[in-house]
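Enquirer: What follows is a predicted protein model with its sequence.
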Amino acid sequence: MDTQIFDMGDIDIAWCPGCGNFAILKILKRALAELAIEPTNLVLVSGIGQAAKIPHYLRTNLFNGLHGRALPAATAIKAANPAFTVIAESGDGDMYGEGGNHFLHTIRRNPDIANIVHNNMVYGLTKGQASPTSRIGFKTPVQVAGVFLEPFNPLAVAIALNASFVARAFAGDAEQTTEILKRAIEHRGYALVDMFQPCPSFNKLNTYDWFKEHTYYLEDSHDPADRNEAFKRATEEGRFPLGIFYTNNDKETFEDNVGIYEDDGRPLYERRPDFEKLHKLIEGFKVSD
Amino acid sequence: MDDTMLLEKRDDISVVLCGRAGQGIQSVEHLLTRICKRAGYNVFAAKEYMSRIRGGMNSTQIRVSSEPVRASVSRIDILIPLDKGAVRHVEKRITPQTIILAEQQVIGDDFDRAGHKFVDVAFTRTASEIGGKIYSNVVAVGTIAALFGIDLQTVSAYVAEFFCAKSDDVVQKNLVAVKKGFDIGLGLVNSGKIRVEIAGAADLESQILVNGAEAVALGAIAGGCDFISSYPMSPSTGVLAFLAGQAKDFGIIAEQAEDEIAAINMALGAWYAGARAMVTTSGGGFALMTEGLSLAGMLESPIVIHLAQRPGPATGLPTRTEQADLELALYGGHGEFPRILLGPGRLEDAFHLTRKAFYLADKYQVPVFILTDQYFVDSYYNTGCFDLSDTRIDKHIVKTGVDYRRYELTANGISPRGIPGFGQGLVAVDSDEHDEAGHITEDLELRVAMVDKRLKKLELLPNETTPPKLVGPEDYKNLVVCWGSTYHIVEEAVGKLEADDVALLHFAQLYPLPSGTADYLLKARTTAIVENNATSQFAKLIKLHTGIDIEEKILKYDGLSYAVEELVERLNESFSRGKA
């Protein structure tokens, strides 16, 4: 499939020149095209922020909801019609800050969705405040003396919660990141891809070059089934590993567990209530002998 | 006990059981209501309880009558206190006519027996002989059933059914307990000291016995609800639990969300993908949902919200009742967008209006509220079987074409709602202001067009109005207005006024305020409103939309529902003031 199928034509894109989001958009289109996912069968769900605008920039069904609330909506969309490929995509502030509780519990719920989090360690749309992943000492107009909060470690948290797929990618490496995204989208169950990206406007510390220097790929010998090893690698600081840290293929998905698709594969919109059964249920309240 | 007649009652009897949480009062309520219904008596039950799992003091009122009974009364004909402090808990409601059946040793000396009709009944001692105090509530069930003249076989049969999932030993012990209790009751009847004569009702077999939560949940199923996501919160949880119990049979996804914010965002995601979703919540939980409510307004997403009210602010009185979240439901959510508020008064209204809520939400792409409260969801009575003759479910969705635009500007403001995966089009919805295709816009002319389009839907809603229900003479001089759960209490109280110039006007649709409201009010010489809140929120809404100030405001906000007698008194006061 050609990536052009996802092109929106001549549209006004709200990202700054040099933004890592452009690279991510291109990589996402490529991954989707290589997986031959039809736009009509794809639902992109996002929250608010610069990253969360991405669904508007490719041809797809989209649910651009509230700040931090993409995951509950994405979970329900997949549950109401499991035939869709559902991707929830937003920034680090949206997914790890405002939506932190949903992040934890969506991992526990394990819907079959991919969760791509643009992680530039800064708030872009609100112009340069600290994000949950900002590094200690990072100075902003609000964190004037520098960030002193422990940076949120999404990978370690996800592995601790026994997430079914946990990866980190870098927007600056189209080849490997495309492969990671493809694996995440294809994975059955919740799949996290924490995506390092530079923010040229508001993060002068974690630049493209900084990410190049401070990342490396997990060795081929890394066993993603080894949870303890995955956790250990996820807590590495200084130089951050990239790649697929952890996978657990034994988990049932949320759609499996809701228990309504075992005998009837139809999505909810094709169904009607069983009035005969309802009649019987109501009759039961007669408390007859 | 001397030889005088202790109790002689016909037609309508009020039994109150009171004890600590965990003593099985709920089981007694369950058993007695069903046994009485099966035995052919009209029955009503309501409860008040403390916010704790064990201890505290809770009471359940069960009214048994030859005529339909559907409201709380303060009168207690028979009181069964099961523990120390129980009598004191309800002492304001005890009169010299109240007969107290209790075990002296158990309830202690915390009240003065002089001036009371007290009968020492060995509920607990009997239970202990059978195998433990735990059986004392079932002993009491047997005693009450015998007083009502229900035959032992009916009682035992239901007790056996109720405990059927337990071990044989437990079933047998409960059957012994109910039999021993029954014998105690027979003894009281045979001694001639207690005579209760209630005529059975003829058509009860065809009726159902449900509570408010069940009526809402059954209405939801009839409305095609196939998705409920909620966070447990008293008193709203009954609807979630009921639908979860039916999920497998009816193909419903019932999910306990991590918080109310997730719950409503799940519900909106579900509607987007073609489900018919609802949430059930109470004040504080709904407060968290208001961000999502506003999203529904912007996305023009249908959603059904069951808001079971309890007293606030904040945690308030978690297990008690109030009608104080009308304004929260009406004004909650940032920005301006249309909505519909319904407040059922009767159980059958709760069923039909919840069903209708799904239709309205879907057709007009607006949030629809069902406002109930603790009193309503926890109250039971027998009522006509819910009518299911109309099995239509119109799903107001369209098959999309290649050029589908979710927010197409149309003459009536309703853009045909497509869902992803149904048709060749793409469906884009956006919490930002958006263009017709659903993409972010800052075109300010388009912004105005979109606001107008969303609000225009309000103009269509009068076609769907559930009109207020007038009970009483058409040529009334005094009019009592009420809404939501107070319907039956006001109905019975107005009946007791024995005035031929008083009518009752009950609103089951609160917003948009039904047209014609002003005409009803202008016809009356004196108007009174009954609300379970402190600031007469519905009266304010009426004034806002009609300019009419309802002069007599009868308000109650102590966490309890009205009792009929209390309301009779307050209505009399109001109308005598009105005449002066």
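Expert: Yes, it's here.

Enquirer: what about the helices in the stretch 101-250 of chain A?
Expert: A:154-160, A:174-186, A:208-213, A:227-234 (DSSP state H, counting those that start in this stretch).

Enquirer: just those: most buried one?
Expert: Of all the helices of the stretch 101-250 of chain A, helix A:154-160 has the most neighbours on average by mean count of other C-beta atoms under 10 Å in any protein chain shown, namely a mean of 22. All C-beta atoms are positioned from the backbone trio N, CA, C, and that covers glycine.

Enquirer: how near is the residue of chain A found nearest chain B to residue B:492?
Expert: Nearest residue of chain A to chain B: residue A:269, at 2.6 Å (C-beta to the nearest C-beta). When distance is defined by C-beta to C-beta, to the nearest Å, residue A:269 is 45 Å away from residue B:492.

Enquirer: cool, and residue B:292?
Expert: The spacing between residue B:292 and residue B:492, counted by C-beta to C-beta, is 39 Å.

Enquirer: Specify which residue of those two has the higher count of neighbours.
Expert: Comparing residue B:292 with residue B:492 by other C-beta atoms under 10 Å in any protein chain shown, the one with more neighbours is residue B:292, at 31 against 19.

Enquirer: Could you give the number of residues near the nearest residue to that one once chain neighbours are set aside?
Expert: Once flanking residues are discounted, residue B:292 sits nearest to residue B:264: 3.3 Å by C-beta to C-beta, 6 or more residues apart in numbering or on different chains. The tally of other residues near residue B:264 (other C-beta under 10 Å) stands at 35.

Enquirer: hey, which helix is longest across the chain?
Expert: All of this refers to chain A. If you go by DSSP state H, chain A has its longest helix at helix A:20-34.

Enquirer: Chain B was what I was after
Expert: helix B:168-190.

Enquirer: OK, contacts around whichever residue of chain B sits closest to chain A?
Expert: Evaluated by C-beta to the nearest C-beta, chain B has residue B:274 as its residue closest to chain A, separated by 2.6 Å. Residue B:274 makes contact with A:80, A:81, A:267, A:268, A:269, A:270, B:395, B:397, B:419, B:421, B:422, according to C-beta atoms under 8 Å, 6 or more residues apart in numbering or on different chains.

Enquirer: Tell me the spatial nearest neighbour of residue A:36, not counting adjacent residues.
Expert: residue A:1 (4.6 Å).

Enquirer: isn't the one you found right up against residue A:34?
Expert: Yes. Taking C-beta atoms under 8 Å as the definition, residue A:1 is a contact partner of residue A:34 at 7.4 Å.

Enquirer: Now do residue A:269, the pLDDT please.
Expert: Residue A:269 is assigned 97 on the pLDDT scale.

Enquirer: Please apply the same query to residue A:124.
Expert: Looking at residue A:124, the pLDDT reads 88.

Enquirer: burial count for it?
Expert: 25.

Enquirer: Do I have it right that it meets residue A:198?
Expert: No. In this structure, residue A:124 is not within contact of residue A:198 by C-beta under 8 Å, at 10.9 Å.

Enquirer: Now residue B:529. Its backbone dihedrals?
Expert: Main-chain dihedrals, residue B:529, degrees, to the nearest 10: phi -120, psi 140.

Enquirer: quick one: contacts for it?
Expert: Taking C-beta under 8 Å, 6+ apart, one finds B:480, B:481, B:482, B:536, B:538, B:539, B:542, B:550, B:552, B:553, B:554 in contact with residue B:529.

Enquirer: one more time with 10 Å
Expert: Residue B:529 makes contact with B:479-483, B:490, B:505, B:521, B:536-540, B:542, B:550-555, B:574 under the criterion C-beta atoms under 10 Å, 6 or more residues apart in numbering or on different chains.

Enquirer: out of the residues you listed, which are inside helices?
Expert: In helices, defined here by DSSP H, the members of the contacts of residue B:529 are B:490, B:521, B:537, B:538, B:539, B:540, B:542, B:574.

Enquirer: Return the item of those residues having minimum pLDDT.
Expert: Lowest pLDDT within those is found at residue B:574 (93).

Enquirer: Just grab the bridge partners of the residue nearest to the spatial centre of chain A for me.
Expert: In chain A, the residue lying closest to the centroid (C-alpha atoms, centre = their mean) is residue A:115, at 1.6 Å. Counting by DSSP bridges, residue A:115 is bridged to residue A:88, residue A:192.

Enquirer: What sits closest to residue A:7 if chain neighbours are left out?
Expert: Closest to residue A:7 by C-beta to C-beta, 6+ apart is residue A:59, at 6.8 Å.

Enquirer: I meant residue B:443, not that one.
Expert: Per C-beta to C-beta, 6+ apart, closest to residue B:443 is residue B:435, 7.0 Å.

Enquirer: How about the contacts made by the one you found?
Expert: Contact analysis of residue B:435 by C-beta under 10 Å, 6+ apart lists B:405, B:406, B:407, B:409, B:428, B:441, B:443, B:446, B:447, B:449, B:450.

Enquirer: could those residues go into CSV alongside neighbour count, distance to residue B:459 and secondary structure?
Expert: Output for the contacts of residue B:435, formatted as CSV (neighbours: other C-beta atoms under 10 Å in any protein chain shown; distance: C-beta to C-beta, whole Å; DSSP: H, G, I helix; E, B strand; the rest coil):
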residue, neighbour count, distance to residue B:459, secondary structure
B:405, 20, 22, coil
B:406, 27, 21, coil
B:407, 22, 18, coil
B:409, 15, 15, coil
B:428, 27, 26, strand
B:441, 17, 24, coil
B:443, 12, 24, coil
B:446, 16, 21, helix
B:447, 14, 20, helix
B:449, 15, 16, helix
B:450, 21, 16, helix
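
Enquirer: on that earlier part again, report the separation between the residue of chain B closest to chain A and residue B:67.
Expert: For residue B:274, the distance to residue B:67 - C-beta to C-beta - is 47 Å.

Enquirer: can you tell me how far the residue of chain A closest to chain B sits from residue B:419?
Expert: 6 Å.

Enquirer: quick revisit: what's the neighbour count on the nearest residue to the residue of chain B closest to chain A once chain neighbours are set aside?
Expert: Spatial nearest neighbour of residue B:274, excluding adjacent residues (C-beta to C-beta, 6+ apart): residue A:269 at 2.6 Å. By other C-beta under 10 Å, 19 other residues sit near residue A:269.

Enquirer: Chain A: strands as residue ranges?
Expert: With DSSP state E as the criterion, chain A has strands at A:42-46, A:61-64, A:85-91, A:114-119, A:165-170, A:191-196, A:215-217, A:240-247.

Enquirer: Spit out the residues that contact residue A:124 and residue A:198 alike.
Expert: Joint contacts of residue A:124 and residue A:198 (C-beta under 10 Å, 6+ apart) are residue A:19.

Enquirer: SS state for the most centrally placed residue in chain B?
Expert: With distances taken as C-alpha atoms, centre = their mean, the residue of chain B nearest its centroid is residue B:376 (1.9 Å). With DSSP: H, G, I helix; E, B strand; the rest coil as the basis, residue B:376 sits in helix.

Enquirer: Could you verify my assumption that it touches residue B:307?
Expert: No. Using C-beta atoms under 10 Å, residue B:376 is not in contact with residue B:307; the gap is 11.3 Å.

Enquirer: Give me the common contacts of the two.
Expert: With C-beta under 10 Å, 6+ apart as the test, residue B:376 and residue B:307 both reach residue B:343.

Enquirer: need the residues of the stretch 401-550 of chain B near chain A, please.
Expert: Proximity of the stretch 401-550 of chain B to chain A is confined to B:402, B:406, B:418-432, B:434, B:437-440, B:442 under the rule C-beta under 10 Å from any C-beta of the partner chain.

Enquirer: at 8 Å instead, please
Expert: Contact residues, the stretch 401-550 of chain B versus chain A (C-beta under 8 Å from any C-beta of the partner chain): B:419-422, B:424-432, B:438-440.

Enquirer: thinking again about what came up before, relative to strand A:114-119, how tilted is the longest helix of chain A?
Expert: With axes from the mean of the first three to the mean of the last three C-alpha atoms, to 10 degrees applied, the angle from helix A:20-34 to strand A:114-119 works out at 160 degrees.
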